[in-house]
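Generate coordinates for the sequence data below:
(chains A and B)
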Amino acid sequence: DTAVSQTPKYLVTQMGNDKSIKCEQNLGHDTMYWYKQDSKKFLKIMFSYNNKELIINETVPNRFSPKSPDKAHLNLHINSLELGDSAVYFCASSQRVSGVFSYEQYFGPGTRLTVT
Amino acid sequence: ILNVEQSPQSLHVQEGDSTNFTCSFPSSNFYALHWYRWETAKSPEALFVMTLNGDEKKKGRISATLNTKEGYSYLYIKGSQPEDSATYLCARKGRAGGTSYGKLTFGQGTILTVHP
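Residues are numbered from 1 along each chain as shown, chains lettered A, B, ... in the order given. Here you go, the predicted structure:
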């Protein structure tokens, strides 16, 4: 059973197109995240949702818009794709941080986006 | 230290060797330190989450320590095996107001290669 799944795994598209990446988790977590793995291989947080509410919104172009229809799903829509958007995007989920606990994150397999 | 830094960037050891690497992070407004193991073509998997100064965690041959006052964590692998070959990531979570929704800031990772 896949805990955190992403579709598609690979996405090749042309500049200017609009595309979406979907993420689903079956772990019962209430917090989900989108990360971008940059050219130096760093994982950088883009967005986080808790129970469908946006709680982390890093400085990303507003061409990127996350949408969470329910707490098990967090999709990433990208408008007007640019060459610099080429990267691997990872979805993750965790329990909500509370009290003294910080819960580990569970990552999806990643989506490799190539913009030509 | 302003960012999360890991050293060394890469490490080659022989099977059976014990090894360790370092994660340095800003100590102010610290909330938690995560360690992840990332095998090639897979997703990062959580090893440990530590929050308290002096925390020590162990999972099999892998252990970690945390010093929040000076801002560092060590990961130790005893008797390395080829299957331990992976990138080891640490990530710091800072406090975010009263809700503790601080984001994870990842280091660049230490690439470990264990030679048979």
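
so who does the closest residue to A:Lys44 other than its chain neighbours touch?
Sequence neighbours aside, A:Lys36 is the residue nearest to A:Lys44 in space, at 5.3 Å (criterion: CB to CB, 6 or more residues apart in numbering or on different chains). (Glycine included, C-beta is placed from N, CA and C.) Shown in contact with A:Lys36 (CB atoms under 8 Å, 6 or more residues apart in numbering or on different chains): A:Leu43, A:Lys44, A:Met46, A:Val60, A:Ala87, A:Val88, A:Tyr89, A:Phe90.

so what strands line up beside the strand or helix carrying A:Lys36?
When secondary structure is defined by DSSP states H and E, A:Lys36 falls within strand A:31-37. Strand A:31-37 sits in its sheet next to strand A:43-50 (antiparallel), strand A:87-94 (antiparallel), going by DSSP bridges.

How many residues are close by A:Leu27?
Neighbours of A:Leu27 under the rule other CB atoms under 10 Å in any protein chain shown: 13.

do the host helix or strand of B:Thr65 and chain A meet?
Using DSSP H and E, B:Thr65 sits within strand B:62-67. No. Using CB under 8 Å from any CB of the partner chain, strand B:62-67 stays clear of chain A, with a minimum separation of 11.9 Å.

near chain B, which residues of chain A?
So chain A meets chain B at A:4, A:40-45, A:48, A:50, A:55-56, A:58, A:90, A:97-98, A:100-110 (CB under 8 Å from any CB).

want to throw the strands paired with strand A:31-37 into a markdown table with mean pLDDT, mean neighbour count and distance to B:Glu39?
Shown next, in a markdown table, are those (pLDDT from 0 to 100; neighbours: other CB atoms under 10 Å in any protein chain shown; distance: least, CB to CB, whole Å):
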| stretch | mean pLDDT | mean neighbour count | distance to B:Glu39 |
| --- | --- | --- | --- |
| strand A:43-50 | 90 | 21 | 15 |
| strand A:87-94 | 95 | 23 | 14 |
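
right, and B:Tyr72 touches B:Thr22 too?
Yes. B:Tyr72 lies in contact with B:Thr22 (CB atoms under 8 Å); the separation is 6.1 Å.

The two: which has the busier surroundings?
When neighbours are counted by other CB under 10 Å, B:Tyr72 and B:Thr22 differ, and B:Tyr72 comes out ahead with 18 against 15.

If the most centrally placed residue in chain A is in a bridge, with which residues?
By CA atoms, centre = their mean, the mean C-alpha position of chain A lies nearest to A:Trp34, the distance being 2.5 Å. Legend: beta-bridge partners of A:Trp34 under DSSP bridges are A:Phe47, A:Cys91.
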